[in-house]
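*Asks:* sequence and predicted model, in that order:
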Amino acid sequence: MFEKDDLYTDALHAGQEADPATGARAPPIYQTTSYEFEDAEHAAEMFALEDDPAAYATAYTGKNIYSRIQNPTTMTLENRLATLEGGIGSITTSSGMAALDLGVFLLAEGGDNIVSSSALYGGTYTYFTHTVERRGVSTRFVDTLDYEAYAEAIDEDTAFVHVETIGNPALVTPDLERLADIAHDAGVPLFVDNTFATPCLCRPIEHGADLVWNSTTKWIHGSGSTIGGVLVDSGNSPWGEWDYPEISEDNPAYHGVNFAERFGDAAFTYAARARGLRDLGNHQSPFDAWITLQKVETLPLRMERHCENAMVVAEYLSEHPAVSWINYPGLDSHETHGNASEYLDGGYGGMITFGLEDGYEAARDAVNNVELASLLANVGDAKTLIIHPASTTHQQLTDEEKQASGVTDDLIRLSVGLEDTNRIIEDLESAIEAATN
Ligand SMILES: Cc1ncc(COP(=O)(O)O)c(C=O)c1O
């Protein structure tokens with residue numbers, strides 16, 4: 001039984017043993033494209049996935065063929081993140097978006113549809129509207145909290161239901177268990193973007209999610225130096241009963257392997273590796289995985305501080321006379337404070353969104369006048385970050401799309417860092433004053 005305190009130990013130890021070749025305690029960077037086979041027979045077996053399937057799940061077994069598909073350094077990170085999320089396996093990718101794309105590649109084909117909450121990161125919204133459409137897949141957006149609307153939108157062509165744990169940018173937390181029931185009743189998986197919560201605050205798999213993706217670029221790495229993503233497999237999905245040709249049928253692209261039959265609970269992880277990574281080429285590099293591994297060690301500690309700091313800053317902003325509204329899941333006033341209190345354990349995250357009395361111009365002026373905070377298009381850095389989404393990240397959305405995804409013209413997005421809160425508040429105070437005078 002997982003205990004929250006296990007995170008502190010797992011973040012340091014899970015998925016790693018001292019390197020069997022050298023005894024190195026820190027994970028070595030296996031900067032290699034390929035791995036020597038013992039002989040021709042061994043090579044043939046490896047390509048046929050003919051071996052004990054479990055052996056492919058550990059980092060240092062010599063079961064490697066080519067680093068586009070599998071690499072010991074990258075796999076150490078994959079095993080650690082799978083443990084933190086409570087999954088059976090995971091695949092790390094070159095970005096968060098690549099993790100989403102890997103999942104969509106396996107689940108959806110032309111003629112299918114995706115049912116997604118509309119409160120989404122702008123890039124996901126564009127991917128669901130324009131990118132998948134080019135592959136003949138459509139997306140039906142529903143209000144994040146309108147559970148009947150999800151059920152009504154699902155039909156026999158639905159590939160999966162998608163939602164964010166803390167929806168960007170309104171920071172809404174849906175009732176994950178209810179959504180999992182709705183998806184499962186229809187025989188489709190629940191696919192959750194857990195980027196804003198990280199496994200330290202929420203483990204969606206414990207609440208019924210089948211697949212979880214994170215942009216590791218954000219808090220999981222936390223220093224703003226490395227783009228990356230992870231797709232985590234719960235191991236709980238009945239792929240053999242559900243209708244997903246890539247996973248549950250004899251796969252012609254992998255000489256007839258039926259991943260559900262061959263790999264059982266871990267079918268999705270193996271299909272993602274052998275079909276997805278092999279053909280899409282979106283695996284995370286060993287160097288990026290190595291840097292992210294260093295940062296994961298302190299993730300639980302950093303998340304504690306992000307949450308504490310964000311709460312202090314949210315309370316300050318909520319009392320500021322020039323602030324017309326504020327979203328922070330930890331405040332009683334937030335519309336999903338109840339769900340957030342149920343599903344987030346250990347704090348309410350590091351994100352705040354708020355508006356100023358004087359609207360669009362004031363919001364732009366405020367982000368222009370910060371000095372400590374950095375004006376840039378990222379979140380989840382150790383440093384405080386700020387942006388005005390309407391003129392930047394969500395600029396390409398129509399007015400209707402902006403409204404559906406909750407981006408109002410006056411919205412300022414703040415990613416609260418690990419600095420001293422007095423310094424963060426001083427900075428906001430002077431920026432707001434400059435913008436509203
Ligand atoms: C909630 C959320 N999900 C996914 C992504 C995409 O991640 P990446 O930039 O690593 O591709 C982002 C990026 O901002 C995000 O905020």
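*Replies:* It's in.
*Asks:* give the contact list for the residue in the chain that the ligand sits nearest to.
*Replies:* In the chain, the residue that lies nearest the ligand is Gly96 (2.5 Å; C-beta to the nearest ligand atom). Where you see a C-beta, it was placed from the backbone N, CA and C, and this is true even at glycine. Applying C-beta atoms under 8 Å, 6 or more residues apart in numbering to Gly96 gives the contacts 195, 213-218, 227-229.
*Asks:* just the residues you listed: which are in strands?
*Replies:* Among those, the residues falling in strands (DSSP state E) are 213-215, 229.
*Asks:* and the residues you listed, which two are furthest apart?
*Replies:* Of all pairs drawn from those, the greatest distance, 7.8 Å, lies between Trp213 and Ser215 (C-beta to C-beta).
*Asks:* list residues touching both of those two?
*Replies:* Residues touching both Trp213 and Ser215 (C-beta under 8 Å, 6+ apart): 96, 99, 193, 195, 229.
*Asks:* any idea which of those residues is closest to Gly380?
*Replies:* Ranked by distance to Gly380 (C-beta to C-beta), these are led by Thr195 at 7.5 Å.
*Asks:* pLDDT score assigned to that closest one?
*Replies:* Thr195 carries a pLDDT value of 98.
*Asks:* likewise the one 3 residues further on?
*Replies:* With respect to pLDDT, Thr198 scores 98.
*Asks:* residues contacting the nearest residue to it once chain neighbours are set aside?
*Replies:* Nearest residue to Thr198, sequence neighbours excluded (C-beta to C-beta, 6 or more residues apart in numbering): Trp219, at 4.9 Å. Residues in contact with Trp219 (C-beta under 8 Å, 6+ apart) are 195, 198, 299, 302-303, 306, 350, 380.
*Asks:* same question, Pro169
*Replies:* Applying C-beta under 8 Å, 6+ apart to Pro169 gives the contacts 119, 327, 351, 353, 389, 394, 405-407, 411, 413.
*Asks:* those residues, buried ones only, as a ChimeraX selection?
*Replies:* Of the contacts of Pro169, the buried ones go into a single ChimeraX selection, burial set by 16 or more other C-beta atoms under 10 Å:
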select :119,327,351,353,389,394,405,406,407,411,413
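*Asks:* go through the shared contacts of Trp213 and Ser215 and flag which are in helices.
*Replies:* Among the shared contacts of Trp213 and Ser215, the members falling in helices (DSSP state H) are 96, 99.
*Asks:* which strands or helices does the helix or strand of the chain with the lowest mean pLDDT pack on?
*Replies:* Lowest mean confidence among the helices and strands of the chain (mean pLDDT, DSSP states H and E): helix 399-405, at a mean of 76. Packing partners of helix 399-405 (3 or more C-beta pairs under 8 Å, 6 or more residues apart in numbering; DSSP states H and E): helix 122-126.
*Asks:* which parts of the helix it packs on are buried?
*Replies:* For helix 122-126, burial by neighbour count (16+ other C-beta under 10 Å) applies to 122-126.
*Asks:* filter those down to the ones close to the ligand.
*Replies:* Contacts with the ligand within the buried residues of helix 122-126, counted by C-beta under 6 Å from any ligand atom: 123-124.
*Asks:* including pLDDT and distance to Pro169, could the buried residues of helix 122-126 go into a markdown table?
*Replies:* Shown next, in a markdown table, are the buried residues of helix 122-126 (pLDDT from 0 to 100; distance: C-beta to C-beta, whole Å):
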| residue | pLDDT | distance to Pro169 |
| --- | --- | --- |
| Gly122 | 86 | 9 |
| Gly123 | 91 | 12 |
| Thr124 | 94 | 12 |
| Tyr125 | 92 | 11 |
| Thr126 | 91 | 15 |
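*Asks:* export the buried residues of helix 122-126 to TSV and tack on distance to Ile88?
*Replies:* Below are the buried residues of helix 122-126 laid out as TSV (distance: C-beta to C-beta, whole Å):
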residue	distance to Ile88
Gly122	31
Gly123	27
Thr124	24
Tyr125	29
Thr126	31
